[in-house]
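[1] Need coordinates for the following:
(4 chains)
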Protein chains: 2
Amino acid sequence: MADRPTTIYDVARAAGVAPSTVSRAFSRPGRVNAETAERIRTVAAELGYRANPQARALSTRTTSMIAVLLADIGNPVFSEVARGAEEAAAEAGYAMVLADTRESAGRERELLDKILQSVDGVLLASSRMSDTAVRQVAKVKPTVVLNREVGGLPSVMVDHGRGMRRAAEHLAALGHKQVTYLAGPEAAWPDGVRWRALRDARTELGITVRRVGPVAPTLNGGVRAAAAWAAHPTSAVVAYNDLVAIGFMRGVQTMGKEVPQDVSVIGFDNTPSAEIVTPGLTTVAAPQRALGSRGVRHVLAFVGGARSSSTEPLLLPTKLVTRASTGPVAGRS
Amino acid sequence: MADRPTTIYDVARAAGVAPSTVSRAFSRPGRVNAETAERIRTVAAELGYRANPQARALSTRTTSMIAVLLADIGNPVFSEVARGAEEAAAEAGYAMVLADTRESAGRERELLDKILQSVDGVLLASSRMSDTAVRQVAKVKPTVVLNREVGGLPSVMVDHGRGMRRAAEHLAALGHKQVTYLAGPEAAWPDGVRWRALRDARTELGITVRRVGPVAPTLNGGVRAAAAWAAHPTSAVVAYNDLVAIGFMRGVQTMGKEVPQDVSVIGFDNTPSAEIVTPGLTTVAAPQRALGSRGVRHVLAFVGGARSSSTEPLLLPTKLVTRASTGPVAGRS
DNA sequence: CAACACGCGGCAACCGATTGCCATACGGGA
DNA sequence: TCCCGTATGGCAATCGGTTGCCGCGTGTTG
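    Down below sits the predicted model:
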């Protein structure tokens, strides 16, 4: 920790060549005589030589690092995204700088300010910044946004609309005629998409829909939503996410009603809790991991100089996972 | 994205001073005349100047980045650690490079090889490497390990022993005389600590203990453990972690037995699932977030040049969270 | 009035790797 | 035998900050 790391100069001296030759031995195979290169590599290994990334970055203007910003790493949805991102980054030989914006656009700006110059590209997993702010960032480094559309910027999204559609179809098939949607935060982009998809499915599926909320995207938010729902009960409820759905079930149960006998419940995200709760929660699973990895690969493609014309958003499919929280409407087998 | 960022040279020219003066205006307040500094700062702001971190790093040998390595970011335990680490890092003006070792010592080595030179310090949250390998890393950069003791290296740990002790006391108070421990992976350091703590509590609490496993630290591992336990049932079970505990409860329930009437169950970690499962899981909560933030602060203290003598491991307290999965032993009120 | 201290800005040498350009040597073709 | 292309290695500039040292000008002190 005390002595300085070995540099190409050390290696050069030990191998009896010029520093430039050492550099080329590593980065330009073929440019250097095979034997010389071999000798240099041996000496370098003996000395434990490791290229200094900062020095390299200074002249090449690339850092082999990529920034991933998300709203809350503690949220299992995002931690899956982070994992996918890390996998894709590692596979491409990039390191991941992870920043948690804690749901704040201000923090997000500050963080970007700090790390933007240190990375080759940026993945905004759940940006709370304005479109213009996001575009500003994209002007400096290749940027990809997740689950959001910012005009002209590449993005990767989960097909929430289709997921909601599937959920509605599932409920309709079970005979449900009225569906309540427990809405999430207004700022959350997927929320609007889902609600619209549900509304659009009305006539075709012959159902009526109601919207309650916005509801805090937490367990307690769901519990409170149960009270609101009780004022105008419907036989089926779709919640903004699993946590709300689970809270809702809990609220309903404490009111003495049963799931799914009295009300069918569907969540979003398929978090681990959905499997563990009683009854098991039917939920729309999104490929969060894939979202992260595709996002990073997308960023890296742009770093590699892809045409910025490939700007149509990438849509990832969802999957309805049916469990015990949904059942036929009361009075039907 | 095309045009190069402004440098101190641009600012210097625009402000009519030398580059060195610009540099000092930012990094040496007081070294430059207040008015000059102000003028430089104004010009810099107009030009949108932002110091190039690589260039700075090259001469200062510090990067304002810290590496955090963990075994699996998808695991809620680790994602909490990551969040705590990120918070502490951000607060100190450091960025966090997060790497997921996927439980592999080999990957861990490779990752470190790549990023070690880019960071000022390292936090090993759940290293799978050998002690010597860890020490090797610590020789290059300030390193702190979490939940592990590597002779001579600073570490932060959760007081698992005490947590287990509390769990045992809780069970003893409920009248349980026999406790089964569902052991986790042998490589997991906390596992040994917990088992030893349980054994050490035997005589004082007047209980007998058994050990089953190692069990895969998953839901299914718990389910299978239920079968093993059924061969020699005890009235109380402590599991390696919440997931195993929940799987165990599920396994027991499918065998037609009830929790806690037939068997009391305690988990470790207090993950969100512990609250959601039915019955609610009594579990030993560890301050994972604090673990991450303390870890990072510890690393940064060493970066700042703390005496490496402060090598006694930091112990963080646990807390027993009692829920419905534990109750009095059968035949007692 | 001379000597000196101090405030403040500039010069230039780093930090370590990359890379355009030149120099040398060697082999082949005319 | 002479010319030229090619393989190979070295020189030196460059990336953008940082910092030791010097020098100038002003104010203070003996």
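[2] Tell me which residues of stretch A:210-225 come out buried.
    Across stretch A:210-225, burial judged by 16 or more other CB atoms under 10 Å in any protein chain shown covers A:212-217, A:219, A:221-225. (Glycine included, C-beta is placed from N, CA and C.)
[3] Let me know the closest of these to A:Ala55.
    If you rank these by distance to A:Ala55 using CB to CB, A:Pro217 comes first, at 45.3 Å.
[4] Next, the closest one: secondary structure please.
    Under DSSP: H, G, I helix; E, B strand; the rest coil, A:Pro217 falls in the coil class.
[5] Model confidence at it, what's the number?
    A:Pro217 is assigned a predicted lDDT (pLDDT) of 87.
[6] Just send the buried residues of stretch A:210-225 back as CSV, with distance to DNA strand D too.
    Formatted as CSV, those follow (distance: CB to the nearest atom of the strand, whole Å):
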residue, distance to DNA strand D
A:Val212, 52
A:Gly213, 47
A:Pro214, 44
A:Val215, 47
A:Ala216, 43
A:Pro217, 41
A:Leu219, 47
A:Gly221, 46
A:Gly222, 49
A:Val223, 52
A:Arg224, 51
A:Ala225, 51
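[7] JSON lines for those, including distance to chain B?
    Listed next are the buried residues of stretch A:210-225 as JSON lines, based on distance: CB to the nearest CB, whole Å:
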{"residue": "A:Val212", "distance to chain B": "22"}
{"residue": "A:Gly213", "distance to chain B": "21"}
{"residue": "A:Pro214", "distance to chain B": "22"}
{"residue": "A:Val215", "distance to chain B": "18"}
{"residue": "A:Ala216", "distance to chain B": "16"}
{"residue": "A:Pro217", "distance to chain B": "13"}
{"residue": "A:Leu219", "distance to chain B": "8"}
{"residue": "A:Gly221", "distance to chain B": "14"}
{"residue": "A:Gly222", "distance to chain B": "11"}
{"residue": "A:Val223", "distance to chain B": "12"}
{"residue": "A:Arg224", "distance to chain B": "17"}
{"residue": "A:Ala225", "distance to chain B": "16"}
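[8] which SS state does the residue nearest the centre of chain A fall under?
    Nearest to the mean C-alpha position of chain A, counting by CA atoms, centre = their mean, stands A:Val81 at 3.9 Å. Three-state call for A:Val81 (three-state DSSP): helix.
[9] unless I'm mixing things up, it is touching A:Pro287, no?
    No. Here A:Val81 lies out of contact with A:Pro287, judged by CB atoms under 8 Å, at a distance of 9.9 Å.
[10] closest point of the stretch 151-300 of chain A to chain B, which residue?
    As assessed by CB to the nearest CB, chain B sits closest to A:Thr278 within the stretch 151-300 of chain A, at 4.1 Å.
[11] SS state for that residue?
    coil.
[12] count of residues packed around the closest residue to it other than its chain neighbours?
    Counting by CB to CB, 6 or more residues apart in numbering or on different chains, A:Thr278 lies nearest to B:Thr278, which is 4.1 Å off, once chain neighbours are set aside. Residues lying near B:Thr278 (other CB atoms under 10 Å in any protein chain shown) number 17.
[13] For B:Thr278, what are phi and psi?
    phi -110, psi 120 (degrees, to the nearest 10).
[14] my read: it touches A:Gly280, true?
    No. With contact defined as CB under 8 Å, B:Thr278 does not count as touching A:Gly280 (11.0 Å).
[15] secondary structure class for A:Lys257?
    coil.
[16] residues touching it, list them.
    A:Val263 (CB atoms under 8 Å, 6 or more residues apart in numbering or on different chains).
[17] Give the next helix or strand downstream of the helix or strand that A:Glu110 is a member of.
    If you go by DSSP states H and E, A:Glu110 is part of helix A:105-115. On the C-terminal side of helix A:105-115, the closest following helix or strand by DSSP H and E is strand A:121-124.
[18] helices and strands around that next one, which ones?
    strand A:65-70, helix A:131-140, strand A:143-146, helix A:288-303 (3 or more CB pairs under 8 Å, 6 or more residues apart in numbering or on different chains; DSSP states H and E).
[19] tell me which element the closest residue to A:Ala236 other than its chain neighbours falls in.
    With CB to CB, 6+ apart as the criterion, A:Ala236 has its nearest non-adjacent residue at 4.0 Å, and that residue is A:His176. For A:His176, there is no host helix or strand (DSSP H and E).
[20] now swap in A:Gly251 and tell me
    Going by DSSP H and E, A:Gly251 is in helix A:242-254.
[21] same question, A:Arg211
    If you go by DSSP H and E, A:Arg211 is part of strand A:208-212.
[22] by how many degrees do that strand and helix A:242-254 diverge?
    Angle of strand A:208-212 versus helix A:242-254, following axes from the mean of the first three to the mean of the last three CA atoms, to 10 degrees, is 100 degrees.
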